[in-house]
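Engineer: Sequence and predicted structure below; questions after.
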Amino acid sequence: MLIASAAILIGFIVLVWSADLFVAGAASMAENMGMSPILIGLTIVSLGTSAPEVLVAITAAMSDVGELAIGNAIGSNIANVGLVLGLTALIAPLPVHRARLRRELPTLMAITIACGLLLLDGKLDLLDGLLMLGALAFILFEMINSQSHDPDANEEAGVEDLPHMQPVRAWVSFIIGLVLLIASSKLLVWGASKVAIELGVSQLVIGLTIVAIGTSLPELAATMASALKGHGEIALGNVVGSNIFNLLGVMSLPGMFAVEYLEPMVLIRDYASMTGITLLLAAVLYLSLLRPKCRNEGGNIHVGRSIGALLLAAYALYYYFLYLTA
């Protein structure tokens, strides 16, 4: 148990560090080859920050513990809304552009409902995985096509602090980051599997808790740092984008390797809770549009401390429900 717990801790630390190294190297390589900053931000940086979840999902699927990957995707989405947005909003109110409420948030709600319908038969298979990945490719194409013509896109895509490395250093960072990502994901999945066996709980529960929180910590740190620096306007966009990718790019992966049969509680408890906290976020944001004191002169709104406390309470309530039923 002690060795497995140490493996999880070391795996998380190396996973996060190697993901940063991998993204920095890949982004610098793309820049050195003449790729524009907006495309780097919307593709390499955005997808690279989800590298931990992707590598964990692939490793779990290949290790025949696909339910851990599914739990990671669902649990990370719950943590992103309840923990990341909730805790950050308590520290500093987060401004929300109306464009988020017109485009990204409705897209996330539609994807959440659509993926839930795919899973109603109690399994995740190759067809489900291909449909999810196809939807992800379409969304990425539309996002790049629309935001590449937006004058404020570079700021919204988070590309103001792109790394700049010489070609040799970029390649070294990319290769070392990739190797460490693979190794640390294997170590993390091994440790999580051992802990699940020792505690007598399912891989799904470990994915929903330990792995989900661990892979959400980078988003929490980045979002809080952005808010404290006065760039809180990108927080909701980062969370929505990450949740879309978790559903379509991470949860789909186990079905690409083998048919994954879901426990009944996945839909009744976990997916329903994820859908509920997503709809809760949407409801409070849309209702804020009706309150003049929540809007600024440009018609934009903000996620205040009361909303942050509500999201954190919903997050805590889910974990209490999980504790009662796991």
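Structural biologist: Great, that's in hand.

Engineer: can I assume Leu101 is in contact with Ser288?
Structural biologist: No. Counting by Cβ atoms under 8 Å, Leu101 stays clear of Ser288, with 9.3 Å between them. Backbone N, C-alpha and C define where each C-beta goes, glycine included.

Engineer: hey, where'd the helices end up in the stretch 51-200 of the chain?
Structural biologist: 51-62, 66-79, 86-91, 98-102, 104-118, 126-147, 153-156, 167-199 (DSSP state H, counting those that start in this stretch).

Engineer: list the buried ones in the fifth one?
Structural biologist: Counting neighbours by 16 or more other Cβ atoms under 10 Å, one finds that the buried residues in helix 104-118 are 104-105, 107-109, 111-112, 115, 118.

Engineer: Need the pLDDT of the spatially most central residue of the chain.
Structural biologist: Nearest to the geometric centre of the chain sits Ser242, at 3.5 Å (Cα atoms, centre = their mean). At Ser242, the pLDDT value in this model is 82.

Engineer: Where does it sit, in terms of helix or strand?
Structural biologist: Using DSSP states H and E, Ser242 falls within helix 235-245.

Engineer: I'd like the buried residues of helix 104-118 written out as JSON lines, with distance to Leu85 and pLDDT added.
Structural biologist: Output for the buried residues of helix 104-118, formatted as JSON lines (distance: Cβ to Cβ, whole Å; pLDDT from 0 to 100):
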{"residue": "Glu104", "distance to Leu85": "13", "pLDDT": "81"}
{"residue": "Leu105", "distance to Leu85": "12", "pLDDT": "88"}
{"residue": "Thr107", "distance to Leu85": "17", "pLDDT": "90"}
{"residue": "Leu108", "distance to Leu85": "13", "pLDDT": "92"}
{"residue": "Met109", "distance to Leu85": "15", "pLDDT": "94"}
{"residue": "Ile111", "distance to Leu85": "18", "pLDDT": "95"}
{"residue": "Thr112", "distance to Leu85": "16", "pLDDT": "95"}
{"residue": "Cys115", "distance to Leu85": "20", "pLDDT": "95"}
{"residue": "Leu118", "distance to Leu85": "26", "pLDDT": "94"}
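
Engineer: contacts for stretch 255-271?
Structural biologist: 61-62, 64, 66-67, 70-71, 74-75, 78, 116, 119-120, 122-130, 132-133, 202, 204, 208, 254, 321-322, 325 (Cβ atoms under 8 Å, 6 or more residues apart in numbering).

Engineer: Tell me the buried residues within these.
Structural biologist: The neighbour count (16+ other Cβ under 10 Å) marks 61, 66-67, 70-71, 74-75, 78, 119, 124-125, 128-129, 132-133, 202, 204, 208, 254, 322 as buried among the contacts of stretch 255-271.

Engineer: thinking again about what came up before, looking at it, the residue nearest to the centre of the chain is touching Asn80, isn't it?
Structural biologist: Yes. With contact defined as Cβ under 8 Å, Ser242 and Asn80 form a contacting pair (5.7 Å).

Engineer: Relative to Leu180, how far out is Leu21?
Structural biologist: Note on Leu21: its distance to Leu180, by Cβ to Cβ, to the nearest Å, is 7 Å.

Engineer: Check Trp171 too.
Structural biologist: With Cβ to Cβ as the criterion, Trp171 and Leu180 are 15 Å apart.
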